[in-house]
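Asks: Sequence first, then the predicted structure, then my questions.
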Amino acid sequence: MQPTHTRLDHFDGARTTDNAPLLEVKDVKTHFFTDEGIVKAVDGVNLSLKRGQTLCVVGESGCGKSVTARSILRIVPPPGKIVSGEIIFRQRNGESIDLVGMNPKGREIRNIRGGEISMIFQEPMSSLSPVHTIGSQIMEAILLHLPVSKQEARKRAISMLDLVGIPRPSEQLEAYSFELSGGMRQRAMIAIALACEPQLLIADEPTTALDVTTQANILDLIRELQQDSGMSVLFITHDLGVVAEIADEVVVMYLGRDVESGEVDAIFHDPKHPYTRALLQSIPRYDSRENKRLYSIKGTVPHPFDRPTGCPFHPRCDDFIAGQCNNIDPHRHSVSQSHSVRCLLYAPAETHNP
Amino acid sequence: MTIHTEIGQSADGKPPLLEVRNLHMQFPIRRGIFRRTVGFVNAVNDVSFTIRPGETLSLVGESGCGKTTTGRCIVRVYKPTAGQILYAVEEQESIDLAKLDNQALRPFRREIRMIFQDPFSSLNPRLPILQIVGESLKVNRIASGSELEDRVASLLKRVGLRPEYIRRYPHAFSGGERQRIGIARALALNPRLIVADEAVSALDVSVQAQILNLLQDLQEELNLTYLFIAHDLSVVEHISHRVAVMYVGKIVELANTEQLFANPLHPYTEALLSAVPKPDPRLRNKGSRIRLEGEVADPSNPPSGCYFHPRCPYAQDRCQHEEPAVRDMGNDHWVACHFAEELDLRGFESIGAATDV
């Protein structure tokens, strides 16, 4: 499906072109203070996203990838709180700001949400309003962030629907979310998210609830829109196939930590962390038919209340070094310029002895 | 269409464990305060296939294609509108499950069991594992008291759970462990056929691998037969012996797994295979992908002729008017397409060949 590319020219002049990362997340910790204890959902995550690039955050359920995304937009639900770290975001006007320092209900962050950073979610049905038309939901976003009249907003909403490949856009403007199919709903969500030409799109498992054929179309759409607008995409998923398809850079997360980060080719063809390697081995592959058993990681993801000491992966790790891995919490070690891994196997020799 | 009755019959003459013949399942669409029936959704529309003893047959297709409804008809959650479900009984003629009432079905409900998709909603949170797994043993008066406990404990051991967990409640278990409990429950009555409806779809990859391995081990140990309903083609490729592809309530292709993935004969199968993301960034943009236009047809108002023709890149005039019958293409490969001989469709490998890894 080839959407007609109506360029939206509102912010074109303001796009800066230097190489500084658009978004830098530095050692962010987001903890949930529940009655039973503290859940360290995100416990020291680092990531850096360049302009026009796609960064995939991949991990299993409970690894903190969604909470990371919500921390960036400052929509962590209570009792969750960002307890430390920095989230540096370069605004359109070139100024860098720390999102952690902002009041999550303040005007500043509200200008960024939907305007500079947008988010799409896994379940389009539950994130779209069932009692407002698709059109009014897009127009709401436009009127909130851009100085335009209602007529202009309507026109822009129609061109957005056209852009994301929804057929008969001026009619579909009046449609309610339940009248659309899953794929069309996700397109409508993307239209709302992109209505104000954000610099950064955060996509939280946007294709997980869709069929493969629809998923392929939505991934194509996101890629096309990105090429066109030069926005950056932070893509959260558990599906390594999707990562291979769309990512420029990858961050692998386990128990609230970034355990490995690097370029997509390095992650798939030269994975370093035992967890990354194990994950890649456990996916069924076309050529794996001869040896019929799949590799499986022993044990299960530990309960958030009893985090293992030392490296959080050590109880399940095949390369576990007794006395080391269960005591030392590994730092990020660079294995190449763009590839870093949190594992003692790659630590310089002296850190092996505590 | 008489040829339907033979679909997928085994070549070696071994009688199938289950034979589905011309199965139809319609759901009425009701409107207004009098709930008048204004139409029907043909969820399953003239489906025929056989399941051979000891094999894994997968049903694949997009959501709404009728794969789950087919599975539920077989376990008789639904009473099919028409058609036969012939179940082989030892040293007897096979029995048509589609016609039986609840009372007569009871002995077969022990032999055909189901595993569900969502390990969170398919276990009663108020019952301990002992009761969840042991209930069918108790209801069928097979075991009670300490014997029941022993049997449940050994079932738990068999699926890789510690027998001490017998008094715990489902909330104490992770997703993968709950799916093991669901499997133990299905195994309790020594079934012959297990219908696994998206049994691994809700699980993380590392847990999914554990459960797939467990299902394969159990099949070997207990000589189980699986009807595996799934939408994830890489999982299907891994676990099944044969695959049936469904589209809007019909089977469009049925073949051995290797054949279907290497050499699909239906354009819909080709499109499905090409849409699967390959877990290798070097294959990105390699080969040509097929992107399907439009939406899955509405099963209450399907298109004329071949149901797939509005989305088919190879559609011709004939496809609009004439519905293709399921044909035997030889080599145990069945397809419903007028042009199966002429089309040169690409398989999984040539769409994104994994040659350099």
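Replies: On my side now, so go ahead. Remember, it's a predicted structure, so these values are computed and weren't measured experimentally.
Asks: for the chain, which spans come out with low pLDDT?
Replies: Picked chain A for this. Scanning chain A for pLDDT under 70 picks out the ranges A:1-18, A:287-291, A:349-354.
Asks: Actually, chain B is the one I wanted.
Replies: By pLDDT under 70, the low-scoring segments of chain B are B:1-14, B:286-288, B:349-357.
Asks: Scan it for its longest strand.
Replies: strand B:36-51 (DSSP state E).
Asks: Going by neighbour count, which residues in that strand are buried?
Replies: By neighbour count on 16 or more other C-beta atoms under 10 Å in any protein chain shown, the buried set for strand B:36-51 is B:40, B:41, B:42, B:43, B:44, B:45, B:46, B:47, B:48, B:49, B:50, B:51. For the C-beta atoms, the positions are set from N, CA and C on the backbone; glycine is no exception.
Asks: same check, this time on stretch A:26-41
Replies: A:26, A:28, A:29, A:30, A:31, A:32, A:39, A:40, A:41.
Asks: Kindly confirm my reading that the second one forms part of a helix.
Replies: What it means is residue A:28. No: Residue A:28: not assigned to a helix; according to DSSP: H, G, I helix; E, B strand; the rest coil it is strand.
Asks: the strands in the chain, which residues?
Replies: I went with chain A, as the question did not name one. So, for chain A - with DSSP E - the strands run A:23-34, A:37-49, A:54-58, A:80-90, A:96-98, A:117-120, A:200-204, A:232-237, A:249-254, A:257-263, A:333-336, A:339-341.
Asks: meant chain B, my bad for not saying
Replies: With strands called from DSSP E, chain B shows them at B:18-31, B:36-51, B:56-60, B:82-87, B:95-96, B:112-115, B:193-197, B:225-229, B:242-247, B:250-256, B:327-328, B:334-335.
Asks: wait, which of those is closest to chain A?
Replies: Taking C-beta to the nearest C-beta, strand B:56-60 is the member of the strands of chain B nearest to chain A, at 9.7 Å.
Asks: check whether the closest one contacts chain A.
Replies: No: using C-beta under 8 Å from any C-beta of the partner chain, strand B:56-60 stays clear of chain A, coming no nearer than 9.7 Å.
Asks: How many neighbouring residues does residue 259 have?
Replies: You didn't say which chain, so I picked chain A. 25 (other C-beta atoms under 10 Å in any protein chain shown).
Asks: could you do chain B instead?
Replies: Residue B:259: 19 neighbours (other C-beta under 10 Å).
Asks: And it, how close does it get to residue A:38?
Replies: Going from residue B:259 to residue A:38 by C-beta to C-beta, to the nearest Å gives 54 Å.
Asks: Residue B:258 now?
Replies: Separation of residue B:258 from residue A:38 (C-beta to C-beta) stands at 51 Å.
Asks: Relative to chain B, which residue of chain A is the closest?
Replies: For chain A, C-beta to the nearest C-beta, closest residue to chain B: residue A:241, 3.2 Å.
Asks: What residues does that residue make contact with?
Replies: Residues in contact with residue A:241 (C-beta atoms under 8 Å, 6 or more residues apart in numbering or on different chains) are A:283, B:234, B:276, B:277, B:278, B:279.
Asks: Give me the contact list for stretch B:163-178.
Replies: By C-beta under 8 Å, 6+ apart, the residues outside stretch B:163-178 that reach it are A:61, A:300-301, B:119-120, B:123-130, B:132, B:149, B:152-154, B:156-157, B:161, B:181, B:202-204, B:207, B:210-211.
Asks: taking these one by one, which sit in helices?
Replies: When the contacts of stretch B:163-178 are checked against helices (DSSP state H), the matches are B:129-130, B:132, B:149, B:152-154, B:156-157, B:181, B:207, B:210-211.
Asks: what's the farthest-apart pair in the residues you listed?
Replies: Farthest pair in those (C-beta to C-beta) is B:149 and B:207. Separation: 27.3 Å.
Asks: So residue A:274 sits against residue A:344, correct?
Replies: No: contact criterion C-beta atoms under 8 Å: residue A:274 and residue A:344 do not qualify, at 10.4 Å.
Asks: got the residues of the stretch 101-250 of chain A near chain B?
Replies: A:181-184, A:211-217, A:219-220, A:238-245, A:247.
Asks: Return a PyMOL selection command for the buried portion of these.
Replies: Entered in PyMOL, the line below selects the buried ones among those, by 16+ other C-beta under 10 Å:
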select buried, chain A and resi 182+183+184+211+212+213+214+215+216+217+219+220+238+239+240+241+242+243+244+245+247
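Asks: from the residues of the stretch 101-250 of chain A next to chain B, which ones fall inside helices?
Replies: Per DSSP H, those map to helices at A:182-184, A:212-217, A:219-220, A:240-245.
Asks: Burial check on the residue nearest to residue B:218 when sequence neighbours are not counted, number of neighbours?
Replies: Leaving aside its chain neighbours, residue B:218 sits nearest to residue B:224 (5.9 Å; criterion: C-beta to C-beta, 6 or more residues apart in numbering or on different chains). Neighbour count of residue B:224, defined by other C-beta under 10 Å: 22.
Asks: ok, residue B:224 - contacts?
Replies: By C-beta under 8 Å, 6+ apart, residue B:224 lies in contact with B:54, B:191, B:192, B:193, B:194, B:218.
Asks: My read is that the third one contacts residue B:222, right?
Replies: No: in this structure residue B:192 lies outside contact range of residue B:222 using C-beta under 8 Å: 9.2 Å.
Asks: These two - which one has more neighbours?
Replies: Between residue B:192 and residue B:222, residue B:192 has the larger neighbour count (other C-beta under 10 Å), namely 21 against 13.
Asks: For chain A, see how far away that one is.
Replies: Distance of residue B:192 to chain A, computed by C-beta to the nearest C-beta, to the nearest Å: 22 Å.
Asks: Skipping its backbone neighbours, what lies nearest that residue in space?
Replies: residue B:111 (4.8 Å).
Asks: likewise residue A:318?
Replies: residue A:274 (6.0 Å).
Asks: That neighbour: how many residues sit nearby?
Replies: Residue A:274: 23 surrounding residues under other C-beta under 10 Å.
Asks: Residue B:292: what's it in contact with?
Replies: A:213, A:217, B:271, B:275, B:311.
Asks: what's around residue 128, how many residues?
Replies: All of this refers to chain A. 20.
Asks: please go with chain B instead
Replies: Residue B:128: 17 surrounding residues under other C-beta under 10 Å.
Asks: how close does the residue nearest to it when sequence neighbours are not counted sit to residue B:152?
Replies: Leaving aside its chain neighbours, residue B:128 sits nearest to residue B:167 (5.1 Å; criterion: C-beta to C-beta, 6+ apart). Counting by C-beta to C-beta, the separation of residue B:167 from residue B:152 is 10 Å.
Asks: Between the two, tell me which one has more neighbours.
Replies: residue B:152 (26 against 10).
Asks: which ones are touching that one?
Replies: Neighbour list for residue B:152: B:129, B:130, B:133, B:134, B:137, B:166, B:184, B:188 [criterion: C-beta under 8 Å, 6+ apart].
Asks: what sits opposite the nearest residue to residue B:70 once chain neighbours are set aside in the beta ladder?
Replies: Using C-beta to C-beta, 6+ apart and skipping the chain neighbours, the partner closest in space to residue B:70 is residue B:44 (5.3 Å). Beta bridges link residue B:44 to residue B:25, judged by DSSP bridges.
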